[in-house]
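J.: Okay, predicted coordinates and the sequence, questions at the end:
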Amino acid sequence: MSQIQTIIGILTASLFCSTKFIIGIFMVLALHVGLVPSLLATVGGGMGGVYFYAFIGLKWREFYILRKNRRIAAGTHQYRKVKFNKSRRRLIYLKMKFGIAGIALLTPILLQVPIGTLLAMRIVKNVHTVGIYMFFSFMFYATLICGAFYVMDINLKEVIATTAHRIF
């Protein structure tokens with residue numbers, strides 16, 4: 001594989017890490033570029049996604065608050081009682097049970113980067129705090145998976161195939 005193809009592959013995997021972290025890790029591992037480039041591509045892509053979605057979430061919140069304030073000033077906004085629906089209960093449960101650290105730990109595997117970032121931003125409201133927690137979470141999973149692949153020479157394709165065969 002030429003260097004240009006490798007660079008394009010790393011950039012593509014990094015973009016995947018900004019939304020679907022695990023898929024991006026396996027894409028980088030398929031390129032066999034080494035431990036350090038794999039960690040840089042996956043964690044860098046994940047953090048790029050965190051800051052992108054945090055920025056989008058903040059802008060959406062500003063737009064929503066501005067729209068709500070305009071309605072209040074015009075007298076067309078009706079105050080309503082907060083209703084506890086299923087999603088609000090889940091958010092409160094996640095916040096009380098796990099906090100920001102739990103959401104950050106679940107983000108790369110279960111929640112995916114956009115959902116985990118937006119949930120964390122609803123709890124903390126500080127982009128840098130969310131970024132620090134997500135960074136350590138991404139580093140943990142990337143080091144665990146890439147380290148198993150490169151350092152311990154574990155064939156992840158075989159492990160996944162045998163595990164999937166036992167489950168199904």
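T.: Right, received. Where do you want to start?
J.: center of this structure, which residue is that?
T.: Taking CA atoms, centre = their mean as the criterion, Val113 is the residue nearest the geometric centre of the chain, at 2.0 Å.
J.: quick one: low-confidence ranges for the protein?
T.: Low-confidence segments of the chain (pLDDT under 70): 1, 69-82, 156-157, 160, 164-168.
J.: Name the residues of the top helix by length along it that are buried.
T.: Looking across the chain with DSSP state H, the single longest helix is helix 35-74. Judged by neighbour count using 16 or more other CB atoms under 10 Å, the buried positions of helix 35-74 are 38-47, 49-51, 53-54, 57. C-betas here are computed from N, CA, C, even on glycine.
J.: Against Met134, how distant is the closest residue to Phe55 other than its chain neighbours?
T.: In space, Phe55 comes closest to Val127 once its chain neighbours are excluded; the distance is 7.6 Å by CB to CB, 6 or more residues apart in numbering. Distance of Val127 to Met134, given as CB to CB, to the nearest Å: 10 Å.
J.: more neighbours, those two?
T.: Neighbours around Val127 and Met134, counted as other CB atoms under 10 Å, are more numerous at Met134. The numbers are 28 against 17.
J.: phi, psi of that one?
T.: phi -70, psi -40 (degrees, to the nearest 10).
J.: residues contacting it?
T.: Taking CB atoms under 8 Å, 6 or more residues apart in numbering as the definition of contact, the neighbours of Met134 are 46-47, 50, 104, 107, 116-117, 120.
J.: Go through these and name the one nearest Ala142.
T.: If you rank the contacts of Met134 by distance to Ala142 using CB to CB, Gly46 comes first, at 7.8 Å.
J.: what residues are up against that closest one?
T.: Residues near Gly46 by CB under 8 Å, 6+ apart: 17-18, 21, 24, 108, 113, 134, 138, 142.
J.: got it, and Val28?
T.: Counting by CB under 8 Å, 6+ apart, the residues that Val28 touches are 9-10, 13-14, 37-38, 41-42, 146.
J.: okay, the contacts of Gly46 in JSON lines with secondary structure next?
T.: As requested, those are arranged in JSON lines below (DSSP: H, G, I helix; E, B strand; the rest coil):
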{"residue": "Cys17", "secondary structure": "helix"}
{"residue": "Ser18", "secondary structure": "coil"}
{"residue": "Phe21", "secondary structure": "helix"}
{"residue": "Gly24", "secondary structure": "helix"}
{"residue": "Pro108", "secondary structure": "helix"}
{"residue": "Val113", "secondary structure": "helix"}
{"residue": "Met134", "secondary structure": "helix"}
{"residue": "Phe138", "secondary structure": "helix"}
{"residue": "Ala142", "secondary structure": "helix"}
